[in-house]
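Visitor: Dropping a prediction and its sequence here:
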Amino acid sequence: MKFSGWAQAALACAALGLVACDDGGSEGTGGQGGGGAQPDIGLILPDGGNGGAGGGAGGAGGGGALPACSDGRDNDNDGLIDEEDRGCDGPDDTSEIGPPACSDGVDNDFDGDTDFPADPGCAGPQDDDEFNEPVLPRCNDGIDNDRDGYLDEQDPGCRSVADNDEENEDEIPVCFDKIDNDGDGLVDFPWDPGCSAAGDDDETDGRLTECSNGVDDDEDGRIDFPDDPGCMGTGDNTEADKPLAPQCADGQDNDRDGRTDYPDDVECFAASDPSERGPCGNVYSPPLLAQGETLVVDTSRGLFESAGSCGGRGSPETVVFYRLSRPVEALVVSTEGAETAVPTTLYVRRGVCLDPDPIVEMGCQREAENPATPGHTLTIPNVPAGDYYIVIDGVAGAGGPVAVTVTEVPLAQCLNTLDDDEDGRLDYPDDPGCDHPTDRDEADPDVAPACANDEDDDGDGQVDFPLDVACPAASWDDETDVCGANVPFLQLFDANPVYVGSTREADGASSALVGSCGGQGNPERVFRFRNPRPGRLTISTAHPESDPGTTVYVRRDCADRLSELLCDDGSRGGTDNGRVAFDAQAAVYWIIVDTTRGLGGDFKLTVEREEAE
């Protein structure tokens with residue numbers, strides 16, 4: 001079969017793998033059987049003749065091959081055509097091939113990092129693939145990036161799992177300061193549900209998180225912190241397990257101590273703990289001590305790694321582990337006993353074993369160097385649930401046998417969140433058997449008090465606590481409106497004379513009282529304070545927690561404006577919050593926190609007493 005010159009040229013193009021091949025235009029007609037050159041493709045056809053001239057005439061009608069970036073074709077086979085191709089600078093560009101993905105100025109894998117060296121998926125600027133597995137934030141990568149002994153959410157430098165910096169700030173964060181800042185009986189991360197991480201600066205509880213709601217959210221058969229391996233703390237908002245199972249939930253005895261995973265391995269603070277070695281690492285292997293049992297240790301065989309704030313430096317020490325399952329009024333650590341042969345320095349650290357920072361030390365006590373009978377007792381008040389490391393250190397010697405015991409002093413029944421008398425009501429102020437929060441007995445009196453007797457004793461249409469505003473608690477025995485009609489009041493107790501709250505009407509404030517220095521028509525909160533002993537009282541809202549604009553005044557009779565003793569709006573002291581001080585008798589005083597301006601705000605009220613000489 002004989003092909004025309006154009007057809008033979010097309011076949012030649014195909015044989016050479018060329019993409020664009022022009023037939024010389026649409027106006028001229030190529031010669032038949034010619035052996036002339038086809039000017040647009042530059043090929044010599046094998047069949048000689050007179051066709052060359054005809055081909056040349058045809059070429060006069062064509063414009064040549066279109067540039068690669070405007071020919072409607074995917075010339076570099078990358079799925080993109082012409083102006084959509086990142087290799088095209090414009091329609092006249094003759095090549096669709098552009099710079100490699102790692103030097104093209106585009107975030108090709110949409111991970112927030114662009115090109116080499118910023119994108120971890122780029123080995124170099126000539127790499128044509130930016131893709132990499134997602135890089136976890138440093139506060140969620142299972143690595144102690146700042147080498148301070150804390151991982152991820154446990155690190156006080158981490159505000160949340162999304163934080164990409166574990167470095168600690170100069171100020172101690174609220175969720176790591178050993179203080180119950182929101183007054184819920186729970187302290188810091190991981191125990192306070194308001195703390196999403198140790199570096200969180202707000203303990204205030206919001207809605208229940210997945211790690212504190214009592215639900216198996218990820219359906220793995222384990223519920224909440226500390227039992228679910230996906231929960232680093234009660235404030236963690238997801239039970240979802242991390243890709244790599246933590247050592248304390250992987251079914252392996254990783255530290256070869258004969259105990260596997262949480263809770264059997266006592267060095268695991270939770271199922272999510274990444275190490276079975278616990279906070280003591282490879283330094284100590286602390287034995288477990290249970291309440292009521294006596295453990296005899298020999299400190300002369302201890303290490304020289306730790307010291308307490310009150311002593312122990314230069315002496316060998318031994319560490320004992322104690323797990324507290326619920327808050328207690330006090331933890332009592334004692335070395336008194338016949339087996340104790342040497343004096344000791346005792347200090348207790350919460351949650352950490354090796355950190356010498358005083359912030360983690362719950363208490364420290366050093367015994368005399370040469371006591372007649374070695375042995376002493378360290379009492380630590382208001383202890384939250386958690387893991388504790390008791391260090392038995394020396395005083396000034398080589399150590400020796402020491403007997404150690406731990407005793408828990410339970411919380412008073414009226415603040416332990418239990419229905420101890422099984423009457424369906426819990427604690428102060430709801431249980432009529434509780435006169436105050438530290439009352440150790442919830443048992444109801446034989447005759448129900450006026451605020452819990454199901455009667456409208458004062459005929460104002462309001463019955464009992466909490467409906468009758470004259471009742472500060474169910475145990476109160478008088479429904480009379482002592483501060484005026486519909487003016488509620490709270491009791492402030494000498495055992496803990498601190499209140500954090502608000503003067504907003506939505507939070508229980510009234511707008512009926514006024515002080516001599518301010519508060520007219522503005523919302524106020526009223527407190528009844530019984531001073532048990534004579535002394536100088538300082539009553540103040542001048543604290544960082546208080547919004548500007550509080551006035552403080554004190555009365556002997558709540559409803560009598562003329563009984564006012566002092567009033568201060570802070571202006572004389574150069575502040576926006578009130579503070580008064582006076583010599584007080586053993587008597588009842590009414591403290592009013594009023595609003596200088598506006599519709600109310602947050603405040604912290606404190607009462608301090610300097611005992612009379």
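Guide: Yep, that arrived.

Visitor: residue contacts, the residue nearest to Tyr322 when sequence neighbours are not counted?
Guide: Computed as C-beta to C-beta, 6 or more residues apart in numbering, the closest residue to Tyr322 that is not its neighbour in sequence is Tyr388, at 4.6 Å. All C-beta spots, glycine's among them, are computed from the backbone N, C-alpha and C. Applying C-beta atoms under 8 Å, 6 or more residues apart in numbering to Tyr388 gives the contacts 321-324, 331, 348-351, 362.

Visitor: domain ranges for the protein?
Guide: 5-59, 294-410, 490-611 (automatic domain parsing).

Visitor: Lowest average confidence across those domains, which one?
Guide: Ranked by mean pLDDT, these bottom out at domain 5-59, with a mean of 42.

Visitor: pLDDT on stretch 165-176, on average?
Guide: 88.

Visitor: Now the terminal residues of it, how far apart.
Guide: 17 Å (C-alpha to C-alpha, to the nearest Å).

Visitor: residues of that stretch that come out buried?
Guide: 165-166, 168, 172-176 (16 or more other C-beta atoms under 10 Å).

Visitor: just curious, which of these is nearest to Thr335?
Guide: Phe176 (29.6 Å; C-beta to C-beta).

Visitor: To what extent is Gly221 buried, counted in neighbours?
Guide: 8 (other C-beta atoms under 10 Å).

Visitor: What of Thr407?
Guide: Using other C-beta under 10 Å: Thr407 sits among 14 other residues.

Visitor: one step back: the residue nearest to Tyr322 in helix, strand or coil?
Guide: Put simply, Tyr388 is strand when judged by DSSP: H, G, I helix; E, B strand; the rest coil.

Visitor: Pull the residues that contact stretch 425-433.
Guide: Here stretch 425-433 has contacts from 413-419, 421, 423, 434-437, 439, 441-445, 448-449, 451-452, 465-466, 472-475, using C-beta under 8 Å, 6+ apart.

Visitor: wait, Asp255 sits on Cys268?
Guide: No. The pair Asp255 and Cys268 does not pass the contact test of C-beta atoms under 8 Å, sitting 9.6 Å apart.

Visitor: Overlap of the contact sets of these two?
Guide: Residues touching both Asp255 and Cys268 (C-beta under 8 Å, 6+ apart): 247, 276.

Visitor: out of the two, which sits in the more crowded spot?
Guide: Shown here are Asp255 and Cys268; by other C-beta under 10 Å, Cys268 has more neighbours (27 against 18).

Visitor: picking that back up, just the buried residues from the contacts of stretch 425-433, in PyMOL please.
Guide: This is how PyMOL selects the buried members of the contacts of stretch 425-433, with burial counted by 16+ other C-beta under 10 Å:
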select buried, resi 413+414+415+416+421+434+435+436+437+439+442+444+448+449+451+452+465+472+473+474+475
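
Visitor: okay if I get the domains of the chain as a markdown table plus distance to Ile97?
Guide: Converted to a markdown table, the domains of the chain look like this (distance: least, C-beta to C-beta, whole Å):
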| stretch | distance to Ile97 |
| --- | --- |
| domain 5-59 | 13 |
| domain 294-410 | 57 |
| domain 490-611 | 63 |
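
Visitor: Contacts only, for Leu288.
Guide: Leu288 touches 266, 320-323, counting by C-beta under 8 Å, 6+ apart.

Visitor: Could you export the residues you listed as JSON lines, including secondary structure and neighbour count?
Guide: Formatted as JSON lines, the contacts of Leu288 follow (DSSP: H, G, I helix; E, B strand; the rest coil; neighbours: other C-beta atoms under 10 Å):
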{"residue": "Val266", "secondary structure": "coil", "neighbour count": "19"}
{"residue": "Val320", "secondary structure": "strand", "neighbour count": "21"}
{"residue": "Phe321", "secondary structure": "strand", "neighbour count": "20"}
{"residue": "Tyr322", "secondary structure": "strand", "neighbour count": "21"}
{"residue": "Arg323", "secondary structure": "strand", "neighbour count": "15"}
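
Visitor: List just the nearest of these to Ser196.
Guide: Nearest member of these to Ser196, counting by C-beta to C-beta, is Arg323, at 23.5 Å.

Visitor: so what's the nearest residue to the closest one once chain neighbours are set aside up against?
Guide: Among residues not flanking Arg323 along the chain, Asp387 sits closest, at 5.5 Å (C-beta to C-beta, 6+ apart). For Asp387, the contacting residues are 269, 279, 321-324, 350-351, by C-beta under 8 Å, 6+ apart.
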